[in-house]
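Undergrad: predicted model and sequence follow; I will ask about them next.
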Amino acid sequence: MSFVGLVLKNLWRQRTRSLLAIAGIGLGIATIIALGAIADGMEHNLIATLRSGKADFSIGQAHAPMIVLSSVPEARLYEIARWPEIKQAVGALVTFATFPGNPYFMTIGIEPEAFDLGGVTVLEGRAFSRQSEDEVLVGRLAANTLNIKPEETIEIDLKRFRVVGIYETGNLFEDGGALLPLKTLQRLKNRPAELTVILVQVKEGVAVNDVMARVEREYQGSLITLRSAEEFNRNYQSLSLVRAGSWLISLLALVIGGIGVMNTMIMSVFERTREIGILRAVGWRRARILQLILGESLSLGIMAAFVGVFIGWGVARSVTLLPQVRGLIGPVYTPDLFIQALIIALVVGLAGGLYPAYRASKISPQEALRYE
Amino acid sequence: MSELIVMARDLVKSYEGGRTRALDGASLEVFAGEFVAICGPSGSGKSTLLHLIGALDRPDSGELWVAGEDVGHSHGDLAQFRARTVGFIFQLHNLIPSLTALENILIPTLELNHTRRDTQARARLLLERVGLNDKAHRRPPELSGGERQRVAVARALVNNPELILADEPAGSLDSKTERQVLDLLKELRAERRVTLILVTHDPRVAQTADRVMEILDGRVRAPVAA
């Protein structure tokens, strides 16, 4: 028999109580995993919105709360497109439309020439013509979930459009919406000469950073450039609200889990007073008793981490199947998230066991042996 | 004459803030290899004396040296001393109910840095010696009173201590089983050449020892026998 074996055996003795404690922390961990994966997914998709394809970087409005709420005058596009170091610059307007069956139906106004730069691939049918007023392309996800086929007619913001093709960008939001010619969407939304984002591709041999620096310099305070997730996070803080919310809920769940572990371990130490006295009598040091009780609470934390990860993964997956959020949420599971969950579970297990372990180590062998 | 293993002088121990005086100037000497019985009625202080010798508790005053260690004045945790030097056998076997007989015997070895193979072999050997080889994986509730006490004897010996302290080791057993456990203890003491101090209220049990000391009102009546 090893020390670790004894730790596990002690937990097994009180399996109902151990399971309840594991469930307590496990639910906290599940919350962290589920909310974290969903927030990561939203971040991933928002970052990737109109940042796919061949574009070297994007330009958005400075101080906009989210990239999709950015507003850039179309005139900026024409100015920047004339710079000698620019190979191609295109604009896109991102809006949300009312569409039956999907409250977050993303509509993107973009010229067909910009498909390549925007990473748009036409899967079925054809691209719309630049001047068309009633042609639309529907995203693969929207076509699947809303059962739309080419040549059908759909209604966006009370106006009828003919579906001429199905496209894919690989981005959840974009593939859950529709593409319209830029001018048509600007008219439909009554936002003439307005863009959400400018996609830029620089000429070969030109340093992307230099061009980005020039944009930031010349349009200081009004435009910002975006190339990476970090830049996105730095410039658009809206997701930090989602993150803060998820942390708050997780923290609450973990405090409850931690109290659960402490309660379990205090009860366990109380019931084993005589037994701990025997261990002390046969030569166990206080430190060894401390290790035993902390080992037990830490093991509860480790087991809860695995249970929590499993439940959290399941919950996040189930959420994506809800019709209300289909196409909006795509959980992303990063190694960081799992490491974070494991560390938190260990800390909760350890913190919950500290006081009971201290109490146990203070038990006098002689007193405990009298204890019935 | 062999060397002294226990030297106690004027031990005083009180409980409940001094209202109960369990030991009132108890003195005794025990030599290595001896089998000494401390006999006295209930409440005479014999268990307290045994607990002090085994470093489970400290005296309020007096001198106490056990196996070269100043147990009376040591302020540190004497757990390591207990693990290496002393083997306890209690009246109520005090085994851990959730562990098997073999695991109970192994419990004291977890504190010392011996190899697992070594401790397993020692525990197996002792289990065989106390006649419970076929019950290694039984838990205490599945064993008879005599068997439990034999497991407790094996546990007390597993770290090869110099001193065995037995507190009414057969007090809860019927007379036949009691004799068997006492015989086993005596045999093992002789085989392993350890010192055995046995506390009992029963003069018949005390008579089986090499030397008997009486304790009454917290004082040892025959502190050093010839």
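TA: Okay, I see it.

Undergrad: so who does whichever residue of chain A sits closest to chain B touch?
TA: At 2.5 Å from chain B, A:G283 is the closest residue in chain A, using C-beta to the nearest C-beta. To be clear about C-beta, it is placed using only N, CA and C from the backbone, and glycine gets the same treatment. Contact partners of A:G283, counting by C-beta atoms under 8 Å, 6 or more residues apart in numbering or on different chains, are B:79-84, B:86, B:108, B:111-112, B:159.

Undergrad: cool, and A:V348?
TA: A:25, A:28, A:254, A:257-258, A:261, A:301, A:304.

Undergrad: redo that, cut-off 6 Å
TA: A:25, A:254, A:257-258, A:301 (C-beta atoms under 6 Å, 6 or more residues apart in numbering or on different chains).

Undergrad: between the contacts of A:G283, which sits nearest A:L69?
TA: Taking C-beta to C-beta as the measure, B:E111 is the one of these closest to A:L69, at 65.4 Å.

Undergrad: counting neighbours, what do you get for the closest one?
TA: By the measure other C-beta atoms under 10 Å in any protein chain shown, the count of residues near B:E111 is 20.

Undergrad: ok, B:A166 - how many residues close by?
TA: B:A166, neighbours per other C-beta under 10 Å, totals 28.

Undergrad: and for the one 4 residues further on?
TA: The number of residues packed around B:A170, counting by other C-beta under 10 Å, is 25.

Undergrad: repeat for B:R116
TA: Per other C-beta under 10 Å, the neighbour tally for B:R116 reads 12.

Undergrad: what does the model give the closest residue to it other than its chain neighbours for pLDDT?
TA: Spatial nearest neighbour of B:R116, chain neighbours left out: A:S2 (7.0 Å); criterion: C-beta to C-beta, 6 or more residues apart in numbering or on different chains. On pLDDT, A:S2 comes in at 85.

Undergrad: now do A:L239
TA: 63.

Undergrad: top strand in chain A by residue count?
TA: strand A:86-99 (DSSP state E).

Undergrad: just checking, next helix/strand downstream of it?
TA: Counting by DSSP states H and E, the element after strand A:86-99 in chain order, helix or strand, is strand A:102-110.

Undergrad: do the helix or strand harbouring B:L23 and chain A meet at all?
TA: Taking DSSP H and E as the definition, B:L23 sits inside strand B:20-31. No. Interface with chain A: strand B:20-31 contributes nothing (C-beta under 6 Å from any C-beta of the partner chain), its closest point being 11.1 Å away.

Undergrad: so which strand or helix has A:F128?
TA: Per DSSP H and E, there is no helix or strand for A:F128.

Undergrad: so who does it touch?
TA: Counting by C-beta under 6 Å, 6+ apart, A:F128 makes contact with A:135, A:164, A:181.

Undergrad: what sits closest to the residue most central in space within chain B if chain neighbours are left out?
TA: Residue closest to the average C-alpha location in chain B (C-alpha atoms, centre = their mean): B:L165, at 1.5 Å. Leaving aside its sequence neighbours, B:L165 sits nearest to B:G54 (C-beta to C-beta, 6+ apart; 4.8 Å).

Undergrad: residues of the stretch 151-300 of chain A that sit close to chain B?
TA: Contacts of the stretch 151-300 of chain A with chain B, taken as C-beta under 6 Å from any C-beta, map to A:275, A:278, A:281-286.

Undergrad: turn those residues into JSON lines, columns for secondary structure and distance to A:Y355.
TA: Output for those, formatted as JSON lines (DSSP: H, G, I helix; E, B strand; the rest coil; distance: C-beta to C-beta, whole Å):
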{"residue": "A:E275", "secondary structure": "helix", "distance to A:Y355": "19"}
{"residue": "A:I278", "secondary structure": "helix", "distance to A:Y355": "22"}
{"residue": "A:A281", "secondary structure": "helix", "distance to A:Y355": "24"}
{"residue": "A:V282", "secondary structure": "coil", "distance to A:Y355": "25"}
{"residue": "A:G283", "secondary structure": "coil", "distance to A:Y355": "25"}
{"residue": "A:W284", "secondary structure": "coil", "distance to A:Y355": "20"}
{"residue": "A:R285", "secondary structure": "coil", "distance to A:Y355": "19"}
{"residue": "A:R286", "secondary structure": "helix", "distance to A:Y355": "15"}
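
Undergrad: and those residues, which are buried?
TA: Buried members of those, counted by 16 or more other C-beta atoms under 10 Å in any protein chain shown: A:275, A:278, A:281-286.

Undergrad: among the contacts of A:V348, show me the least confident.
TA: A:L254 (79).

Undergrad: who's in contact with A:V72?
TA: A:V72 touches A:61, A:195, counting by C-beta under 6 Å, 6+ apart.

Undergrad: whichever residue of chain B sits closest to chain A and A:F99, how far apart?
TA: Of all residues in chain B, B:A83 sits closest to chain A, at 2.5 Å by C-beta to the nearest C-beta. Applying C-beta to C-beta, to the nearest Å, the value for B:A83 to A:F99 is 75 Å.

Undergrad: same check on B:L127?
TA: Counting by C-beta to C-beta, the gap from B:L127 to A:F99 is 77 Å.

Undergrad: next, the residue of chain A closest to chain B: phi, psi?
TA: phi 110, psi 10 (degrees, to the nearest 10).

Undergrad: can you check the pLDDT for it?
TA: So A:G283 comes in at 91 (pLDDT).

Undergrad: state the number of residues packed around the closest residue to it other than its chain neighbours.
TA: Using C-beta to C-beta, 6+ apart and skipping residues adjacent in sequence, the residue nearest A:G283 is B:A83, 2.5 Å away. B:A83: 21 surrounding residues under other C-beta under 10 Å.

Undergrad: which residues touch the helix or strand that contains B:A83?
TA: Assigned by DSSP H and E, B:A83 belongs to helix B:79-85. The contact list for helix B:79-85, computed with C-beta under 6 Å, 6+ apart, reads A:283, A:285, B:55, B:67, B:69, B:108, B:111-112, B:159, B:161-162.

Undergrad: turn the residues you listed into TSV, including secondary structure.
TA: As requested, those are exported to TSV (DSSP: H, G, I helix; E, B strand; the rest coil):
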residue	secondary structure
A:G283	coil
A:R285	coil
B:A55	coil
B:A67	coil
B:E69	strand
B:P108	helix
B:E111	helix
B:L112	coil
B:N159	coil
B:P161	coil
B:E162	coil
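
Undergrad: which of those residues are buried?
TA: A:283, A:285, B:55, B:67, B:108, B:111, B:159, B:161-162.

Undergrad: those: which two are farthest apart?
TA: Between all members of the buried ones among the contacts of helix B:79-85, the farthest pair (by C-beta to C-beta) comes out as A:R285 and B:E162, at 19.5 Å.

Undergrad: show me where chain A has its strands.
TA: Under DSSP E, chain A gives strands at A:57-61, A:72-73, A:86-99, A:102-110, A:121-125, A:135-139, A:153-156, A:159-168, A:178-180, A:194-195, A:197-202, A:223-226.

Undergrad: can you pull the buried residues of the longest one?
TA: Under the neighbour-count criterion of 16+ other C-beta under 10 Å, strand A:86-99 has A:86, A:88-97, A:99 buried.

Undergrad: reformat these into CSV and put pLDDT and distance to chain B next to each item.
TA: Listed next are the buried residues of strand A:86-99 as CSV, based on pLDDT from 0 to 100; distance: C-beta to the nearest C-beta, whole Å:
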residue, pLDDT, distance to chain B
A:I86, 93, 72
A:Q88, 91, 71
A:A89, 92, 71
A:V90, 91, 71
A:G91, 92, 72
A:A92, 92, 68
A:L93, 93, 70
A:V94, 90, 64
A:T95, 90, 66
A:F96, 87, 61
A:A97, 85, 65
A:F99, 75, 63
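
Undergrad: nearest to A:A316 among those residues?
TA: Nearest to A:A316 among the buried residues of strand A:86-99, with distances taken as C-beta to C-beta, is A:F96, at 23.6 Å.
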